[in-house]
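Visitor: here is a sequence with its predicted model. Questions after.
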Amino acid sequence: MRLAPVLGLGLCLLPAWVLACPTCVERAPESSMRSALLVGAMLLLPFLLVALGVWAAIRAARGDAKRSS
């Protein structure tokens, strides 16, 4: 009797594609160029985020300096 709620909760937590048939979920492999672009983007993203933070800090510091003068 307690198995039904646990099973229902487990099925709700699974993504829908897990329940699909394997032929419905099959995808073509990605091209090597697209994979290389994705890896490059993932490698550059932390540097871009740090640069954005530095730019925002400098801009905020300039704004504070202008307001206090």
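Guide: That came through, no problem. Residues are numbered from 1 along each chain as shown.
Visitor: what helix or strand is the residue nearest the centre of the chain located in?
Guide: For the chain, M42 is the residue whose C-alpha lies nearest the centre (Cα atoms, centre = their mean; 10.1 Å). Using DSSP states H and E, M42 sits in helix 32-68.
Visitor: that helix - what's its average pLDDT?
Guide: In this model, helix 32-68 has a mean pLDDT of 87.
Visitor: so what's the gap between that helix and the chain middle?
Guide: Relative to the chain's own centre, helix 32-68 is displaced by 17 Å; criterion: Cα atoms, centre = their mean, to the nearest Å.
Visitor: now it: buried residues?
Guide: For helix 32-68, a neighbour-count test (16 or more other Cβ atoms under 10 Å) marks nothing as buried. Every C-beta, even on glycine, is put in place using the N, C-alpha and C of the backbone.
Visitor: just to revisit the earlier point, how much space is there between the residue nearest to the centre of the chain and A4?
Guide: Between M42 and A4 the computed distance is 42 Å (Cβ to Cβ, to the nearest Å).
Visitor: ok, now A41?
Guide: Distance from A41 to A4, by Cβ to Cβ: 45 Å.
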